[in-house]
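1. structure for the following, please:
(2 chains)
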Amino acid sequence: MPKSNPSQKGETRLTQASLVRRERDRTAYHPADVSPQRRVQRRYTMRLWSVRHARFLEWFYARFADVFLALHPVWNAVGYARAEKPVKFVEKRVKGFMFDCRMCGQCILSSTGMSCPMNCPKQLRNGPCGGVRANGNCEVEPDMPCVWVKAWEGSRRMRNGDAILAVQKPVDQSLRETSAWLRVTALAAAEREKERENA
Amino acid sequence: MIRRPPHPDENPHGVHLPLDPLPGHSSRGRLERILRRGEFAVTAELNPPDSANAQDVYDRAAVFDGWVDGINAVDASGANCHMSSMGICALLTRMGYAPIMQIACRDRNRIAIQGDVLGAAAMGVCNILCLTGDGVQAGDQPGAKPVFDLDSMSLLETIRIMRDEERFLSGRKLTTPPAVFLGAAINPFAPPYDFRPHRLAKKIAAGAQFVQSQYCFDVPMLKEYMKRVRDMGLHEKCFILIGVGPLASARTARWIRNNVPGVHIPDSVIARLEGAQDQKKEGKRLCIDIINEVKEIEGISGIHVMAYRQEELVAEIVHESGVLRGRRPWRREPGPDDAVVAERLEHILEGQNEKPVELVKDAAGE
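-> Sure, this is the predicted structure:
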């Protein structure tokens, strides 16, 4: 104990919270490489690189979406359901490497400055919480730069950066572990078809 | 019989009943009326008891009597377990107080939250404050599962949809929508500073009608923030209440700065407390000084006093800073028929025979 001679008054003021905090290090089981949020701790190099190059990635993503849409007949021939598995395999690895993607299945990277909001321990999709540290790091994980501080920086580099100001819907948990690329393509194709019918 | 003049913000048929609806108001509560009338509002935070005793809540609310327009019922703030905000609100509404129910997204998913909103509105809760909530690591149960199904923004939008579109998030119809005044929290004192006013704009877009800020100890920083808020015209779309509170000592201030997420205390404040003879008194003085500076800033509609474990100071702070400008917030007082009840009770307690059978016997002269 840091205090050698605690006064009677100080002793009665001890809250359960401070008792727990004092005991935490001694009693808690810390699995290797895992933080309290069950996230495999890793370096943030690639994630930060993506934010720094948000403008390039935005440009690239737009071309990439066009290519995927052009391949719509292929996906249709194979069947979107059958294409799901291999596409998801690639998507998970590529986005996992680039953005530490969590496969929420409803990617909003283009609205968040290419900083994946699902990496926020509170999974906020609408901006930073009030607990961001003065140095711009996370309240929950003191070593991690706040996902939303980075998102704001990234969005300022992007052409369509003001998309960060739109209010996002809550995450649909039933879409987890599905391919966002294919979903966006299917939706865009349906939209295109509708327009053609109307025209 | 003493008949006090009726308070403008009280239902004459009973203190626990909702007020008459007014045009343009989304709730039938006292806080919204006061803010929309253009008065400087005062709200305070009730320290939630760690007990199952209703009297604890009543005692803690009684210290605010006649000094505040709304009482915040916190939802496990700092991720520490206490009596739930729902329970506190149930007790407070019974007594006629105007609670501001806080909902944190940390502990409940969208199914539970939407149900709670309906239950709270049915009990007479007129104000709901939507929060994301502190991470579980900050509290006394760091092993708990953080839920965070919604975030503060989507929670605001969810309740707004329930109120204005009369449906659940899923689209299922509500027969009676919850008439609530929607609030959110802001923290102008945390990075990314440029984004903070935009975030307020987002919250307003999502449905926030009033906001309460985190503790303000750095007035120049707040002025900077408010300037940008005014430039964006946000102070006209929403009522801004600034969080203030007394610091008990320089040691507490340091502890709060290091351990409570999102509280920014400049070195000058700590130096001022350290230099004082009586640190607790200086903390109160500092709080009053901050209030006096804050109330002059354009676009600020009130203060939110958070005097954790020093709740008895709230009345003094509100009185000495003079923010009410002579106005008297609602307080629980004996109503017109209470005198009759009291008289009758006294009569009964005096030990007279009140049993009908014996009264008949008396009348018959047996």
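2. from now on I want contacts and neighbour counts done on CA atoms only, so please keep to that.
-> OK.
3. helix, strand, or coil at B:V211?
-> For B:V211, the assignment made with DSSP: H, G, I helix; E, B strand; the rest coil gives strand.
4. for the spatially most central residue of chain B, what are its contacts?
-> By C-alpha atoms, centre = their mean, the mean C-alpha position of chain B lies nearest to B:N72, the distance being 2.4 Å. B:N72 is in contact with B:T43, B:A44, B:E45, B:L46, B:P99, B:I100, B:M101, B:Q102, counting by C-alpha atoms under 8 Å, 6 or more residues apart in numbering or on different chains.
5. which of the residues you listed lies closest to A:A151?
-> In terms of C-alpha to C-alpha, no member of the contacts of B:N72 lies closer to A:A151 than B:Q102, at 27.8 Å.
6. can you count the residues close to B:E32?
-> 24 (other C-alpha atoms under 10 Å in any protein chain shown).
7. go on, B:N127?
-> By the criterion of other C-alpha under 10 Å, B:N127 has 29 neighbours.
8. excluding covalently adjacent residues, which one is nearest to residue 102?
-> No chain in the question, so chain A it is. Nearest non-adjacent residue to A:R102, counting by C-alpha to C-alpha, 6 or more residues apart in numbering or on different chains: A:M118, 6.4 Å away.
9. meant chain B, my bad for not saying
-> Closest to B:Q102 by C-alpha to C-alpha, 6+ apart is B:L129, at 4.6 Å.
10. ok, then the element right after the host helix or strand of that neighbour?
-> Element membership for B:L129, per DSSP states H and E: strand B:127-131. Note on strand B:127-131: by DSSP H and E, the next helix or strand toward the C-terminus is helix B:152-164.
11. ok, that following helix near chain A or not?
-> Yes - applying C-alpha under 8 Å from any C-alpha of the partner chain, one finds helix B:152-164 touching chain A at B:M153, B:S154.
12. next SSE after that helix?
-> Criterion used, DSSP H and E; the element after helix B:152-164 is strand B:181-186.
13. the inter-axis angle of that next one versus helix B:152-164?
-> Interaxial angle of strand B:181-186 relative to helix B:152-164 (axes from the mean of the first three to the mean of the last three C-alpha atoms, to 10 degrees): 170 degrees.
14. contacting residues around strand B:181-186?
-> Here strand B:181-186 has contacts from A:130, B:26-27, B:29, B:32, B:126-131, B:152, B:156, B:160, B:200, B:203, B:207-214, using C-alpha under 8 Å, 6+ apart.
15. per-residue pLDDT, residue 16?
-> Let's take chain A. Looking at A:Q16, its pLDDT is 82.
16. I was after chain B.
-> Looking at B:H16, its pLDDT reads 78.
17. swap in A:A32?
-> Predicted confidence (pLDDT) at A:A32: the value is 52.
18. any idea which of the contacts of B:N72 has the most stuff around it?
-> Busiest of these [other C-alpha under 10 Å] is B:P99, holding 31 neighbours.
19. which of the three states applies to the closest residue to that one other than its chain neighbours?
-> Excluding its sequence neighbours, the residue lying closest to B:P99 (C-alpha to C-alpha, 6+ apart) is B:I71, at 4.7 Å. Following three-state DSSP, B:I71 is assigned to strand.
20. was I right about B:I71 contacting B:A44?
-> Yes - contact criterion C-alpha atoms under 8 Å: B:I71 and B:A44 qualify, at 5.1 Å.
21. just give the number of residues close to B:L169.
-> Around B:L169 there are 18 residues (other C-alpha under 10 Å).
22. can you check A:F60 too?
-> Residues within reach of A:F60, counting by other C-alpha under 10 Å, total 12.
23. contacts for the host helix or strand of it, please.
-> If you go by DSSP H and E, A:F60 is part of helix A:54-70. Residues outside helix A:54-70 that contact it (C-alpha under 8 Å, 6+ apart): A:50, A:110, A:113-114, A:154-155, A:157-159, A:181, A:185-186, A:188-189.
24. try 10 Å this time
-> Residues outside helix A:54-70 that contact it (C-alpha atoms under 10 Å, 6 or more residues apart in numbering or on different chains): A:48, A:50-51, A:71-72, A:74-75, A:109-115, A:151, A:153-161, A:181-182, A:184-189, A:192.
25. mind checking which of the residues you listed are buried?
-> A:48, A:50-51, A:72, A:75, A:109-115, A:151, A:153-158, A:161, A:181-182, A:184-186, A:188-189 (16 or more other C-alpha atoms under 10 Å in any protein chain shown).
26. tell me, which of these make contact with chain B?
-> A:A151, A:E153 (C-alpha under 10 Å from any C-alpha of the partner chain).
27. okay, and which of the buried ones among the contacts of helix A:54-70 map to helices?
-> A:48, A:50-51, A:72, A:75, A:151, A:153-157, A:181-182, A:184-186, A:188-189 (DSSP state H).
28. got a list of what the closest residue to A:E91 other than its chain neighbours touches?
-> Closest residue to A:E91 apart from its sequence neighbours, by C-alpha to C-alpha, 6+ apart: A:S179 at 7.0 Å. Going by C-alpha under 10 Å, 6+ apart, A:S179 touches A:83-92, A:103-107.
29. picking up where we left off before, could you measure from the residue nearest to the centre of chain B over to chain A?
-> According to C-alpha to the nearest C-alpha, to the nearest Å, B:N72 stands 18 Å off from chain A.
30. which elements pack onto whichever strand or helix holds A:K92?
-> Here A:K92 is covered by helix A:80-99, with elements defined by DSSP H and E. Contacts defined by 3 or more C-alpha pairs under 10 Å, 6 or more residues apart in numbering or on different chains; DSSP states H and E place helix A:80-99 against helix A:45-52, helix A:72-78, helix A:180-198.
31. change it to 7 Å
-> Counting contacts by 3 or more C-alpha pairs under 7 Å, 6 or more residues apart in numbering or on different chains; DSSP states H and E, helix A:80-99 is packed against helix A:45-52.
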